[in-house]
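1. Quick check, what structure comes out for this input:
(chains A and B)
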Amino acid sequence: DSGVTQTPKHLITATGQRVTLRCSPRSGDLSVYWYQQSLDQGLQFLIQYYNGEERAKGNILERFSAQQFPDLHSELNLSSLELGDSALYFCASSVGLADPTDTQYFGPGTRLTVL
Amino acid sequence: GESVGLHLPTLSVQEGDNSIINCAYSNSASDYFIWYKQESGKGPQFIIDIRSNMDKRQGQRVTVLLNKTVKHLSLQIAATQPGDSAVYFCAEIIDGRDDKIIFGKGTRLHILP
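-> Model (predicted):
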């Protein structure tokens, strides 16, 4: 158990809908990362937050947004969903050092299925 | 559990033998590399890392080798155990930037009894 929790574990929704994925980082970790993992694309970095502020942005679509709250939990909002958004979405947390060797701990993921 | 990468290359290794998993990375500006293990139904788990100024790093039962000349990374697992069954993938970080992280597609390690 990494100490990172994600809810829900599974989510099934229809095209055009909007969903919110939730992540609680490990106790003491200030940084939260979101990743998308699909069968054909592998794992892709979406966005990172540090202590409530956006720190880095990757291949995140404009239909997607995220935020980190004062209690450090984070939410990833996916809107106008398309079939291609079906994937595993992982959250990871780290202490938040501005150093790539700052180890990230991954949550169990949320499986999103868009029908 | 969830299946990740149903069509990934598979390495089958006899229990007790050593495993070598390879990864070709893409960018010569990458300066930090990580190997992750992902078991079915779980998120990726950090195994070992290496900076570009090193060519070898050892952990507990694992060794990572880096060949910058040919942009190749390998993970060696000694005395492979059933619990090592998982998908293994490498990640490269470019210029020390978190937003410049690229993950490999992965290799499935299958342990034969």
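2. For chain A, give the residue positioned nearest to chain B.
-> Residue nearest to chain B within chain A (CB to the nearest CB): residue A:106, separated by 3.2 Å. (C-beta placed from N, C-alpha, C; glycine too.)
3. For that residue, list the residues it contacts.
-> The contact partners of residue A:106, taken as CB atoms under 8 Å, 6 or more residues apart in numbering or on different chains, are A:2, A:4, A:35, A:90-92, B:42-45.
4. what's the closest non-adjacent residue to it?
-> Residue nearest to residue A:106 in three dimensions, not counting chain neighbours: residue B:43, with 3.2 Å by CB to CB, 6 or more residues apart in numbering or on different chains.
5. so that neighbour sits in a strand?
-> No. If the criterion is DSSP: H, G, I helix; E, B strand; the rest coil, then residue B:43 is coil and not within a strand.
6. Report how far apart the opening and closing residues of stretch B:34-46 are.
-> In stretch B:34-46, first residue to last residue: 7 Å (CA to CA, to the nearest Å).
7. What's the separation between whatever residue of chain B ends up closest to chain A and residue A:19?
-> With CB to the nearest CB, the shortest gap between chain B and chain A falls at residue B:43, namely 3.2 Å. Separation of residue B:43 from residue A:19 (CB to CB, to the nearest Å): 19 Å.
8. Settle it for me: which of these two has more neighbours?
-> Counted by other CB atoms under 10 Å in any protein chain shown, residue B:43 and residue A:19 do not tie: residue B:43 has more neighbours, with 23 against 18.
9. State the pLDDT value of the more buried one.
-> pLDDT recorded at residue B:43 is 94.
10. Phi and psi next, for it.
-> Backbone torsions of residue B:43, given as degrees, to the nearest 10, read phi -80, psi 170.
11. Quick check: it touching residue A:107?
-> Yes. Counting by CB atoms under 8 Å, residue A:107 is a contact partner of residue B:43 at 5.4 Å.
12. can you list residues touching both of these two?
-> Counting by CB under 8 Å, 6+ apart, the contacts common to residue B:43 and residue A:107 are A:2, A:4, A:90, A:92.
13. Verify the stated contact: residue A:49 with residue A:66.
-> Yes. In this structure residue A:49 lies within contact range of residue A:66 using CB under 8 Å: 6.7 Å.
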